[in-house]
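**Q** Sequence unavailable; structure follows:
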Ligand SMILES: [Zn+2]
């Protein structure tokens, strides 16, 4: 992850370095008081740590994959598939149990350097169980212990969101994750569940009911990746069927006044990831980011960094990107309080 002193290459048509004219630079450069509600844990691990662990574990690298280049995404990709390329490698580590601590500590250290006082990390967890040859309960227990160990020295408050991937096995994945959660006595560190993955892929018809049940039975927050790649109906489904408390990305809702009214009325918060939305190609340079639409229609939103290590840019840069997209500086000032309000972590101080 870069710090704010490093040169950030502008997106075409969106000069991130232009943002000084929008407001108090000191605010943007302040390392203090930030919260991030949408970070994928393995997208927050600096490439240097990934490379060290790969070498140490002797992991095979796919032909044609150049880790020095393909682990990061600095400029807009032609497709979501191209953007997701780093995960072809990231899902192969860590194989050794002790390396999970290294990986988590490295990620949390970088997040601390961005001034994050609280963070919600998300992980699909189950891949760790298969990599490390342990049960999903053991993998979840170990992951919680690693994050706790990494966050404690910084006094960083944190919560873990368990991610389910869209597809035929979504309901089975959710069941495994919830079984592990129950086996561990429903640890307070687990604060929510998430649905992620290719939005064009169908999921079992029963999945929304199972999400609602987990929310009702255990008080877990529900966040759904929806409307990232143009499917506004997925945002509607997330609210109406999944009872989503928050929407990941939700960019497609920006062109739909009716949907924005629903989000505002139902107080569903959109996790807006400005840099990610440009890098994935979800929003081409000639299309305005819907952030200002959300602001004008009273849709609650929090600015998040999604995969800061993959972008080599953290939340400070996402705030700058939001200003470059036209968001008033006053809205950035409110971000810490908004993130606190919509966080699934209870008792944030
Ligand atoms: Zn995401």
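**A** Perfect, I can see it now. Keep in mind it's a predicted model, so treat the numbers as computed, not measured.
**Q** Which stretches in the stretch 101-250 of the chain count as helices?
**A** 126-132, 136-151, 170-183, 207-218, 232-240 (DSSP state H, counting those that start in this stretch).
**Q** pLDDT below threshold where in the protein?
**A** 1-32 (pLDDT under 70).
**Q** any idea where the strands of it begin and end?
**A** 34-40, 116-123, 157-165, 190-196, 221-226, 246-249, 269-272, 301-303 (DSSP state E).
**Q** can you list those strands in a markdown table and add mean neighbour count?
**A** To be clear about C-beta, it is placed using only N, CA and C from the backbone, and glycine gets the same treatment. Below are the strands of the chain laid out as a markdown table (neighbours: other CB atoms under 10 Å):
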| stretch | mean neighbour count |
| --- | --- |
| strand 34-40 | 27 |
| strand 116-123 | 25 |
| strand 157-165 | 23 |
| strand 190-196 | 24 |
| strand 221-226 | 26 |
| strand 246-249 | 28 |
| strand 269-272 | 27 |
| strand 301-303 | 25 |
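**Q** Redo those as CSV? Include distance to residue 108.
**A** Compiled in CSV, the strands of the chain are given as follows (distance: least, CB to CB, whole Å):
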stretch, distance to residue 108
strand 34-40, 10
strand 116-123, 8
strand 157-165, 8
strand 190-196, 16
strand 221-226, 20
strand 246-249, 21
strand 269-272, 20
strand 301-303, 20
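**Q** Quick check: which of the ones you listed is nearest to residue 280?
**A** Set against residue 280 and scored by CB to CB, those come closest in strand 246-249, at 8.8 Å.
**Q** Direction included, what does the closest one pair up with?
**A** strand 221-226 (parallel), strand 269-272 (parallel) (DSSP bridges).
**Q** Relative to residue 56, which of the helices of the stretch 101-250 of the chain is closest?
**A** helix 126-132 (14.4 Å).
**Q** so what does that closest one touch, helix or strand wise?
**A** helix 97-113, helix 136-151, helix 170-183 (3 or more CB pairs under 8 Å, 6 or more residues apart in numbering; DSSP states H and E).
**Q** right, and those - which one's nearest residue 123?
**A** That would be helix 136-151 among those, by CB to CB, at 6.5 Å.
**Q** List the contacts of the closest one.
**A** If you take CB atoms under 8 Å, 6 or more residues apart in numbering as the criterion, helix 136-151 is touched by 97, 100-101, 104-105, 107-109, 119, 121, 123, 125-126, 128-129, 132, 134, 157-158, 160, 162, 176-177, 179-181, 183-184, 187, 189-190.
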